[in-house]
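Participant: A structural model of the following input is requested.
(4 chains)
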2 protein chains.
Amino acid sequence: MIYRELFKEYHAMHRPYMNMLNELLSKHQLFSSQWGIMRTLKLEGPKNIVEIASIFYIEKPSASNLVRKLAELGYVEAVQGKDKREKIIRLTQQGETVFTEVSETIDAFLSSIVEGISEEDQRTVISALETIRKNLLK
Amino acid sequence: MIYRELFKEYHAMHRPYMNMLNELLSKHQLFSSQWGIMRTLKLEGPKNIVEIASIFYIEKPSASNLVRKLAELGYVEAVQGKDKREKIIRLTQQGETVFTEVSETIDAFLSSIVEGISEEDQRTVISALETIRKNLLK
DNA sequence: TTAATTAGTTAGCCTAACTAATTATTTATC
DNA sequence: GATAAATAATTAGTTAGGCTAACTAATTAA
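Facilitator: Below you'll find the model as predicted:
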């Protein structure tokens, strides 16, 4: 029954975490969902809408909307692929610059909130969360 | 930089988890936020709106709304305290019954998704999440 | 007694998701 | 090669689940 406590603590930390994350991102007119997309585009390269939806386990219209907002901010742009229906989304130059800036803020924030957790324990957490996700998807 | 991976995995599992949880709860017209309140009232006894807001790190109007919806479902009721402004919220008889029923479903679900994670590792995760929450709140 | 505080609600806003239906294009089938 | 089926993306409309500002009613402090 220890898992009860696990998910209780999970829910307890979620809102304070999201609130703080969004507060930090708001200085750049960003929200966590949009930031997630920027991070993915930076680390994994350009992606189309279907790919973005699948990476974040959201529906296409949700992904499409988030990308539209990022494009309005000037942080991403679409290039047409071979397939004329497809929009390949990538960071703009401005997006790259903002990413670098925000990345520092977020890194400082994240490293501050894991203070007191050993690297070994962090690895255990990663592996546990991964197991949970995989159990959910099967 | 291992914390980057930790929060990446955190976000990756969050949506599949919430989707499944809400799907299970929907059979009883419940959502995860409402379920959280029912669980708290069951395990910790009656609470007023301010206490509920503080436990879930949400604002008073948000707590008030969630309680109103639970009351409309007939799962909770308010009794007046000594202070006439105060509403002390508790589970109704129907709420108790539903809690027991749903609890079984949710327990089965949660235990299925932690399959493959040792109890020791689960304790490590709990302790890590708790550390993060406390770092966030200081 | 009056001012400040507190509990709760109402109204209106926003993010972040969803489904259903539509358009444009590509791929598969006959 | 024509047509049917599938796919990429969008539009329109809905919802949960938060938020702030402003309010009423009751309590506490000055």
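Participant: Next one: the closest residue to A:Thr105 other than its chain neighbours from A:Val102, what distance?
Facilitator: Closest residue in space to A:Thr105, ignoring its immediate chain neighbours: A:Leu24 at 5.5 Å, by C-beta to C-beta, 6 or more residues apart in numbering or on different chains. Bear in mind the C-beta positions are built from the backbone N, C-alpha and C, glycine included. Look at A:Leu24 and A:Val102: by C-beta to C-beta, to the nearest Å, they are 8 Å apart.
Participant: can you check A:Phe7 too?
Facilitator: Using C-beta to C-beta, we find A:Phe7 at a distance of 30 Å from A:Val102.
Participant: next one: A:Val125
Facilitator: Looking at A:Val125 against A:Val102, where the rule is C-beta to C-beta, the gap reads 24 Å.
Participant: For those two, indicate the residue with more neighbours.
Facilitator: Per other C-beta atoms under 10 Å in any protein chain shown, whichever of A:Val125 and A:Val102 has more neighbours is A:Val125, with 26 against 19.
Participant: got a list of what that one touches?
Facilitator: Counting by C-beta atoms under 8 Å, 6 or more residues apart in numbering or on different chains, A:Val125 touches A:Ile117, B:Leu6, B:Thr124, B:Val125, B:Ala128, B:Leu129.
Participant: and A:Tyr75, how many neighbours?
Facilitator: One way to gauge burial is a neighbour count; for A:Tyr75, by other C-beta under 10 Å, it gives 27.
Participant: State the pLDDT value of A:Ala12.
Facilitator: pLDDT, the model's per-residue confidence, is 96 for A:Ala12.
Participant: The one 5 residues further on now?
Facilitator: Listed pLDDT for A:Tyr17 reads 97.
Participant: so what pLDDT did A:Ala53 get?
Facilitator: Residue-level confidence at A:Ala53 comes out at 98, pLDDT.
Participant: Where does the most centrally placed residue in chain A sit, in terms of helix or strand?
Facilitator: In chain A, the C-alpha nearest the mean C-alpha coordinate belongs to A:Gly36, at 2.1 Å (C-alpha atoms, centre = their mean). Using DSSP states H and E, the secondary-structure element containing A:Gly36 is helix A:32-44.
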